[in-house]
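In: any chance you can model this:
(one chain, ligands or ions: 1)
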Amino acid sequence: MAIEDDVLVIGGGIAGSMAALSAAEHTDRVRLVTYKQSTLRSASGLIDVLGYTPDGTGPLADPFDALEDLPDSHPYQRVGTDAVRDALALFDEITGDAYAGDHTETNALVPTHGGTVKPTARYPAATAAGLASDDRDTLLVGFETLPDFDAPLAAAHLEAAGVPFDTRGVTLAFPGIERDDAKVTRYAHLLERNESITMGTTTTGAREALVSLVDAHLEDESRVGFPAILGDDHADEVRESLADALGVDVFEVPMGPPSLPGMRLEDLLYDALEDAGVRVTSGVPVVDYDSETVAASETATADEVAADGGSDRETPGDGERIDRVIVDRNGTEIPHRADQYVLATGGLVGKGVRSERAGSAENDATGVVFEPIFDCHVPHAEDRYDWFVDDAFGEQPFARFGLESDRELRPLAADGTLEFVNLRAAGAVLGGYDFAAEKSGAGVSLATGYVAGKRAGEEVGE
Ligand SMILES: Cc1cc2nc3c(=O)[nH]c(=O)nc-3n(C[C@H](O)[C@H](O)[C@H](O)COP(=O)(O)OP(=O)(O)OC[C@H]3O[C@@H](n4cnc5c(N)ncnc54)[C@H](O)[C@@H]3O)c2cc1C
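Out: You can find the predicted model right below:
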């Protein structure tokens, strides 16, 4: 017998989590099925709404000023500006004091580990004392065993970028860590548990050892930035105790993968899912589906959709309705049935969208880009050489690969009709935007996840 729910969300990244949380505001039978780790574990933990326009203008002071000028195919245009605000409001409710930035619609400027300044809408509270708009002088501290954060170089880059403060960087040996392959969680746990460290002839706590090393380099700076490794479950306590002991503000600089701030955000979202009563099934992929054809009278006509503020691209006619999806649990196929489905399986990175060569020996340039569960249409050029441009900083077509949708986020087939009447898509599986160039990744996932989940929840039983 199939497992039955009202809303089934596929994918457990930011988009899927938000979809499940917003659906759970409308119905209490929501399930989220997810396979592998999401990109949250690699991402910085920053919530970028829009840092640059698609033509590269920026950094943008107010992302909301630019949202309405985005191309019609952009996911933000599909859901509308109010939905972006509503999604951020739900995010603020979920993350509480752990995130900052909700006092303004202006982008904050957060220093990155490379010494650039990132325009972002929401940032972990741990990074708040490091904002580049703050003019206090700054000491950046890096560690020999964490070469991804070269503090002197990052400081030089920040100065070159014209930040309104003096900044220096020093590289120290992290007390208690000698190997450069130690996991970031090892650094975090050493500090969180304040494990005993022997330095020379003295044994002391890891925090005290770190404080004494940093103190020796501190001059007039009133804030110190460390790579984002200051604790795991109790990062606030670690940061505050270092700040007290050093007598300055302490902040974290977001790092590349694996990212502790991303993992902390994942924990916040999954705690919220549990609180909201969402049933989470992890470690299993959705591999297939069964559908049935429903008559035109049961599907929205183009006029009805347009009247509802939706896309005018759908054509009236019979539609396909997903009856159930198949989850592969160690080789056993388990059917899951729901009234409404949300596809939030990520983009090319998360494998929600895939590409393959499809050419013959004579013509190996042909390629296909596809969505592997429902085979939803993914617009792309047939010739793989058209997926890229030579200029590494140019507009890369592959970066925009993903599903097209109507304003309800229902995926569209090549002819503009709905792929399925009860499927919505959210997050990086959607196409039409380049999250890396625009700095809009988490923001699009939040907004589209929120809308897809809300509409799915509202539509249950309609
Ligand atoms: C290295 C890196 C750094 C980034 N930095 C930033 C940043 O600083 N700021 C920012 O705003 N954005 C950033 N982003 C972008 C942002 O993280 C992503 O755009 C966003 O998180 C995508 O979320 P998602 O939920 O759509 O997809 P994903 O995070 O990819 O999650 C998709 C989930 O679906 C699951 N899944 C896939 N197929 C199936 C299946 N068949 N069955 C069940 N589950 C399935 C996957 O296992 C995964 O858990 C970064 C991304 C990367 C890769």
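In: could you find the closest non-adjacent residue to L60?
Out: Leaving aside its chain neighbours, L60 sits nearest to A66 (5.5 Å; criterion: C-beta to C-beta, 6 or more residues apart in numbering). In this view, the C-beta of every residue, glycine as well, is placed from N, C-alpha and C.
In: go through the helix or strand harbouring the one you found and flag the buried ones.
Out: For A66, the host element (DSSP states H and E) is helix 63-67. Across helix 63-67, burial judged by 16 or more other C-beta atoms under 10 Å covers P63, F64, A66, L67.
In: which non-adjacent residue is nearest E237?
Out: That would be G231: by C-beta to C-beta, 6+ apart, it lies 6.9 Å from E237.
In: pretty sure the one you found contacts L191?
Out: Yes. The pair G231 / L191 is scored as a contact, 5.6 Å apart, by C-beta atoms under 8 Å.
In: so what's in contact with those two at the same time?
Out: V238 (C-beta atoms under 8 Å, 6 or more residues apart in numbering).
In: neighbour count for these two, which is higher?
Out: Using other C-beta atoms under 10 Å, the more surrounded residue of G231 and L191 is L191, with 28 against 25.
In: show me the residues around the closest residue to that one other than its chain neighbours that make contact.
Out: Distance criterion C-beta to C-beta, 6+ apart; nearest residue to L191, sequence neighbours excluded, is V238 at 4.8 Å. Counting by C-beta under 8 Å, 6+ apart, V238 makes contact with A188, L191, E192, R207, L230, G231.
In: most widely separated two among these?
Out: A188 and R207 (12.0 Å; C-beta to C-beta).
In: now E159: closest residue in space that isn't a chain neighbour?
Out: Among residues not flanking E159 along the chain, T167 sits closest, at 5.9 Å (C-beta to C-beta, 6+ apart).
In: actually V389, not the one I wrote
Out: Q396 (6.2 Å).
In: so that neighbour sits against F388, correct?
Out: Yes. Assessed by C-beta under 8 Å, Q396 is found in contact with F388 at 6.0 Å.
In: about what we covered before: L158 is in contact with the residue nearest to E159, correct?
Out: Yes. With contact defined as C-beta under 8 Å, T167 counts as touching L158 (5.1 Å).
In: overlap of the contact sets of the two?
Out: With C-beta under 8 Å, 6+ apart as the test, T167 and L158 both reach T138.
In: gap between the biggest helix by length in the chain and the chain center?
Out: Longest helix in the chain by number of residues (criterion: DSSP state H): helix 441-459. Relative to the centre of its chain, helix 441-459 is centred 13 Å away, using C-alpha atoms, centre = their mean, to the nearest Å.
In: on that earlier part again, which one of Q396 and F388 has more residues nearby?
Out: Each of Q396 and F388 has its neighbours counted (other C-beta under 10 Å); Q396 has more, 16 against 13.
In: in a helix, that's where H189 is, yeah?
Out: Yes. Under DSSP: H, G, I helix; E, B strand; the rest coil, H189 sits within a helix.
In: near it, how many other residues are there?
Out: 17.
In: for E240, see how far away it is.
Out: According to C-beta to C-beta, to the nearest Å, H189 stands 18 Å off from E240.
In: also T293?
Out: 60 Å.
In: could you do L46 as well?
Out: 21 Å.
In: might you calculate how far stretch 455-462 sits from the centre of the chain?
Out: 25 Å.
In: let me see the contact set for the residue nearest to L60.
Out: So A66 contacts L50, T53, T57, L60 (C-beta under 8 Å, 6+ apart).
In: beta partners for the residue nearest to E159?
Out: Beta-bridge partners for T167, by DSSP bridges, are T138.
In: do a quick rundown of the helices in this protein.
Out: Under the criterion DSSP H, the chain contains helices at 14-23, 63-67, 75-79, 81-95, 151-160, 184-192, 206-215, 235-246, 260-275, 302-307, 435-438, 441-459.
In: these: lowest mean pLDDT?
Out: Of all those, mean pLDDT reaches its minimum on helix 302-307 (a mean of 48).
In: and T293, how many neighbours?
Out: Neighbour number of T293 under other C-beta under 10 Å is 9.
In: and the pLDDT at it?
Out: On the pLDDT scale, T293 gets 93.
In: residues in the stretch 301-450 of the chain within reach of the ligand, list them.
Out: Taking C-beta under 6 Å from any ligand atom as the criterion, the neighbours of the ligand within the stretch 301-450 of the chain are 344-346, 349-352, 373, 427-428, 435, 441-443, 445.
In: same deal with the stretch 1-150 of the chain?
Out: 10-16, 33-40, 42-44, 46-48.
In: how many neighbouring residues does the spatially closest residue to R122 that is not a sequence neighbour have?
Out: Excluding the flanking residues, the one nearest R122 by C-beta to C-beta, 6+ apart is I47, at 3.7 Å. Using other C-beta under 10 Å, I47 has 25 neighbouring residues.
In: check the one 5 residues further on too.
Out: Number of residues near Y52 (other C-beta under 10 Å) recorded here: 19.
In: what does A358 give?
Out: When neighbours are counted by other C-beta under 10 Å, A358 comes out with 15.
In: again with V369
Out: 23.
In: that one against C376, yeah?
Out: No. Counting by C-beta under 8 Å, V369 stays clear of C376, with 11.1 Å between them.
In: domain ranges for this protein, per the record?
Out: As recorded under the TED database, the domains making up the chain are 3-96+263-296+317-461, 113-253.
In: turn those into JSON lines, columns for distance to H103.
Out: Shown next, in JSON lines, are those (distance: least, C-beta to C-beta, whole Å):
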{"stretch": "domain 3-96+263-296+317-461", "distance to H103": "10"}
{"stretch": "domain 113-253", "distance to H103": "11"}
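In: just so I know, which of these lies nearest N107?
Out: domain 113-253 (3.8 Å).
In: quick one: end-to-end length of that closest one, please.
Out: 6 Å (C-alpha to C-alpha, to the nearest Å).
In: stretch 88-104 now?
Out: 12 Å.
In: also stretch 431-449?
Out: 14 Å.
In: closest approach to the ligand from the stretch 1-150 of the chain, which residue is it?
Out: G13 (2.4 Å; C-beta to the nearest ligand atom).
In: let's see the pLDDT reported for that residue.
Out: 97.
In: measure the closest residue in space to A206 that isn't next to it in sequence to R264 for me?
Out: Using C-beta to C-beta, 6+ apart and skipping residues adjacent in sequence, the residue nearest A206 is L190, 4.4 Å away. According to C-beta to C-beta, L190 and R264 sit 17 Å apart.
In: list the contacts for the residue nearest to E159?
Out: So T167 contacts D137, T138, L139, L140, A155, L158, E159 (C-beta under 8 Å, 6+ apart).
In: number of nearby residues for the last one?
Out: Neighbourhood size, E159 [other C-beta under 10 Å]: 15.
In: please pick the buried ones from the residues of the stretch 1-150 of the chain next to the ligand.
Out: Buried among these (16+ other C-beta under 10 Å): 10-16, 33-35, 37-40, 43-44, 46-48.
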